[in-house]
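A.B. asks: I'll drop the sequence and a predicted model, then ask my questions.
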Amino acid sequence: MALPTANWDSLGQQVFKKQEFCQLQWGAKISLDEYDIFAASYGGPIALLRKELPMRKVNYRLIEIFTALGDQLSTLTIKDVDIITIGWSHQEDLVCVHANGFISLYDLFGQHISTLTLDQEIRDSKIIECKVFTTINRTGVAILTQSLSFYLYNNLYHLKLRRLAEIPYLNERPLCWDIISFDSDTKLIVSREKELIILKSQDLSCTLINPFDDEQSKETVTLLRVSFDYSHIVLFTETGKLYLALTANDISTHYSMFDTESKTKPKQLAWCGNDVVAAHWANLLFLVDMDRNWLKYPTYGHVHMIQEIDCIRVVDNSFQEMITKVDKAAVDIFKIGSVSSGSNLLEASRLFDQQNHKVDDYIRLIQEKNEMEMAVNMCLETACHEFNVATQKMLLRAASFGKCFTANMDNNKFVRVCQELRILNAIRKPDVGIPLTHCQFEQIKIDSLIDRLTERHHFFLALKLAEYLKIVPEDGSIKILTRWAFYKIRQQDIDEEKIANQIAQKISPNSGVSFAEIANKAIEYGRKNLAIRLLDYELKATDQVPLLLKLKEYRRALQGAIESGNTNLIYMVVLSFKKIQTSEQFYLGLREYPVAYSLYQKYCKQDDQDQLQNIYFQENDLIAEGLTYLEQCCITQPLS
């Protein structure tokens, strides 16, 4: 096993590592310099949009969608439209923004979800630039039109337009701009010549800002990038300086400046966490911290950086690497010459496996400092952040060994770490392709991970995960099985009877899954016969009968209502049946169901005497008809 410190590098007081964690499965068929690259966060999919070449005019754009590990999910061809940009929503829907003011949404497998129509004033003025931005539970778009006006939609799934303030004397496209989005407000920061401008959506204001030292030190910002959580920003100026600043207080000042001595604009800027910035030039990846310490890595060929909450993913034609800060506990355990309690516990565990008597010396060292619990926690914390399974096991063995020497240790933490690592290792496998870090896993929560697995059609893994964590059925097995059934319904190349049988075999009527909900989805996809077949398995008549009426299966609906014994359902079906039949057909059909016929007579006796007399007349029940007339006469007011 390679040394854990083999790929570590110091950056000031911090330690960073650049580790290769996968070989991309797209192989030699993809050359990244032919594509624009758009990657979703949290180990999400990668979309490659083939570049338009001046010598190759085509009336379509090709989008290829891959997992984060390069396994192809789908290929999407979009015809006769001018795509301004694409991106990913927080739900991992592919967002395609078109110049004519429409936004198309697609799933991971290239299936069209919906088309959003933007407001008329945007459609009247062609979109020339657009940025898709996300938070943990929201996706928005910021738009620049040909009239050099900025527009904002804070939530793509609930469109509400905000036209931002006009920038005075803006006669050409800004040099660069980005979005700062919080729940309370979304802002745009725009660079124009030696001016930086903040456009606020809350009060629709336009404010000049100066994060530099004074008016004389103002510089033209040619590239800028906001951190993953929108709390920090980096500015690259025409003189080659990097300014790091907080986005709070409208970026009133910078807290660090570094002179790169390169006037060439980087291809990309990205934040690694909140305290280190990466800048990528042609053959160089340059890291700078807030104390102006720097670190550089060579790059080969086309490279793209994907900014995450706690790291940077670096993608090239063949491999994917991760640049991340090494956790302090890991540094204390693995650094050369370390005498920390965590390091001693790891060594004690190794010696114990070798049945070496020196293990007692290391245990005594830890106990003399009264740091056994701390040592166990250090091993657990370090294991959480490891991608290498062998290193994880080594650290967990050490933690388990250390637990034997302390009575105060919370065993729940050890169990939780083991559970989380099993989950992370399962989803990092190439056939799943979600390389989440532990920090990202904590951020998106387990319900979101289950959603991502079902969107990728990993239903079995999602189901096992829900069972493993004992998630309540409503959020676990019921939701997963329902989505699996929806997926089966969409398979147009499979016979409907076969689909119905497959669903019935996998889903027990007592599982809590609503067959009515599945049948309703089949109706949406125009598969009426499949919906009828699925409703045979629905146990709740209150869910079954309304859908049968929707399908105009009145006899099935009436039979189901009668079998349920629910008089309200019977009345609902009978009255619906009456609306679409002639009087003669209605009575002939109703006679086949004595219970329903009797209840209808009772209904007419209370609310429709004329219909009741008509029933008695058709039944040739002269006595009942006469009694009805007599009853009406008795309750009629006498003539005065």
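C.D. replies: Noted; the coordinates are in hand.
A.B. asks: which ones are touching Glu371?
C.D. replies: If you count contacts by CB atoms under 8 Å, 6 or more residues apart in numbering, Glu371 has them with Ser341. Where C-beta positions appear, they are placed from N, C-alpha and C, glycine not excepted.
A.B. asks: And the contacts of the helix or strand hosting Cys130?
C.D. replies: According to DSSP states H and E, Cys130 maps onto strand 127-134. With CB under 8 Å, 6+ apart as the contact definition, strand 127-134 has outside contacts at 41, 84-90, 95, 97-101, 139-146, 156, 173, 177-179, 181.
A.B. asks: got it, and stretch 390-402?
C.D. replies: Residues outside stretch 390-402 that contact it (CB under 8 Å, 6+ apart) are 1, 4, 333, 345-346, 348-350, 352-353, 366, 372, 375-376, 379-380, 382-383, 386, 409, 414, 417-418, 421, 425.
A.B. asks: Narrow these to those that are buried.
C.D. replies: By neighbour count, with 16 or more other CB atoms under 10 Å, these hold 4, 333, 345-346, 348-350, 352, 366, 372, 375-376, 379-380, 382-383, 386, 409, 414, 417-418, 421 as buried.
A.B. asks: Dihedrals phi and psi, the residue nearest to the spatial centre of the chain?
C.D. replies: The chain has Gln91 as the residue nearest its centroid, 2.9 Å off, counting by CA atoms, centre = their mean. Main-chain torsions, Gln91, degrees, to the nearest 10: phi -90, psi 10.
A.B. asks: and it, what is it in contact with?
C.D. replies: Thr139, Asp451.
A.B. asks: could I get the strand or helix carrying Ala485 in PDB with only the CA atoms?
C.D. replies: Take DSSP H and E as the rule and Ala485 turns out to sit in helix 477-489. In PDB, the C-alpha atoms belonging to helix 477-489 read as follows (Å, rounded to 0.1, in the frame of the first residue of the first chain):
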ATOM      1  CA  SER A 477     -38.900   1.700  -0.100                       C
ATOM      2  CA  ILE A 478     -42.300   3.100  -1.100                       C
ATOM      3  CA  LYS A 479     -40.700   6.100  -2.900                       C
ATOM      4  CA  ILE A 480     -38.000   4.000  -4.600                       C
ATOM      5  CA  LEU A 481     -40.400   1.200  -5.800                       C
ATOM      6  CA  THR A 482     -42.900   3.900  -7.100                       C
ATOM      7  CA  ARG A 483     -40.100   5.500  -9.100                       C
ATOM      8  CA  TRP A 484     -39.000   2.100 -10.400                       C
ATOM      9  CA  ALA A 485     -42.600   1.500 -11.600                       C
ATOM     10  CA  PHE A 486     -42.600   4.900 -13.300                       C
ATOM     11  CA  TYR A 487     -39.400   3.900 -15.100                       C
ATOM     12  CA  LYS A 488     -40.900   0.600 -16.200                       C
ATOM     13  CA  ILE A 489     -44.000   2.400 -17.600                       C
END
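A.B. asks: Might you calculate how far that helix sits from the centre of the chain?
C.D. replies: Remark: helix 477-489 is offset 18 Å from the chain centroid, using CA atoms, centre = their mean, to the nearest Å.
A.B. asks: same deal with stretch 285-304?
C.D. replies: Its chain's C-alpha centre and that of stretch 285-304 lie 29 Å apart, by CA atoms, centre = their mean.
A.B. asks: quick one: terminal-to-terminal distance for that stretch?
C.D. replies: One end of stretch 285-304 to the other measures 10 Å (CA to CA, to the nearest Å).
A.B. asks: Give me the contacts around it.
C.D. replies: Applying CB under 8 Å, 6+ apart, the set of residues contacting stretch 285-304 is 9-14, 16, 18, 31-33, 37, 39, 242, 244, 255-258, 260, 266, 268, 272, 275-280, 283-284, 305, 314-317, 323.
A.B. asks: Now restrict those to buried residues only.
C.D. replies: For those, buried by 16+ other CB under 10 Å: 9, 11-12, 14, 16, 18, 32, 39, 242, 244, 256-258, 260, 266, 268, 272, 275-280, 305, 314-315, 317, 323.
A.B. asks: Pop the domain breakdown of this structure in here.
C.D. replies: Structural domains assigned to the chain are 7-16+164-325, 40-149, 328-467, following automatic domain parsing.
A.B. asks: right, and the ones you listed - which one's nearest Phe486?
C.D. replies: Of all the domains of the chain, it is domain 328-467 that lies closest to Phe486, at 9.3 Å by CB to CB.
A.B. asks: And the average pLDDT for the closest one is what?
C.D. replies: Averaged over domain 328-467, pLDDT sits at 93.
A.B. asks: which regions of the chain lie under the pLDDT threshold?
C.D. replies: Along the chain, segments meeting pLDDT under 70 span 1-2, 54-57, 80, 216, 584, 601, 603-640.
A.B. asks: Longest strand in it, please.
C.D. replies: In the chain, assigned by DSSP state E, the strand with the most residues is strand 14-23.
A.B. asks: Show the subsequent helix or strand relative to that one.
C.D. replies: Going down the chain from strand 14-23, the next helix or strand is strand 35-39, by DSSP H and E.
A.B. asks: Next, the angle from that following strand to strand 127-134.
C.D. replies: Put simply, strand 35-39 runs at 30 degrees to strand 127-134, going by axes from the mean of the first three to the mean of the last three CA atoms, to 10 degrees.
A.B. asks: correct me, but Ile444 touches Gly43?
C.D. replies: No: between Ile444 and Gly43 there is no contact under CB atoms under 8 Å: 9.4 Å.
A.B. asks: These two: which is more packed in?
C.D. replies: Shown here are Ile444 and Gly43; by other CB atoms under 10 Å, Gly43 has more neighbours (26 against 18).
A.B. asks: What distance do you get for the more buried one to Leu380?
C.D. replies: Per CB to CB, to the nearest Å, Gly43 is found 22 Å from Leu380.
A.B. asks: same deal with Val141?
C.D. replies: The gap separating Val141 from Leu380 is 41 Å, by CB to CB.
A.B. asks: cool, and Arg422?
C.D. replies: Distance of Arg422 to Leu380, given as CB to CB: 14 Å.
A.B. asks: Likewise for Phe515?
C.D. replies: Using CB to CB, Phe515 is found at 44 Å from Leu380.
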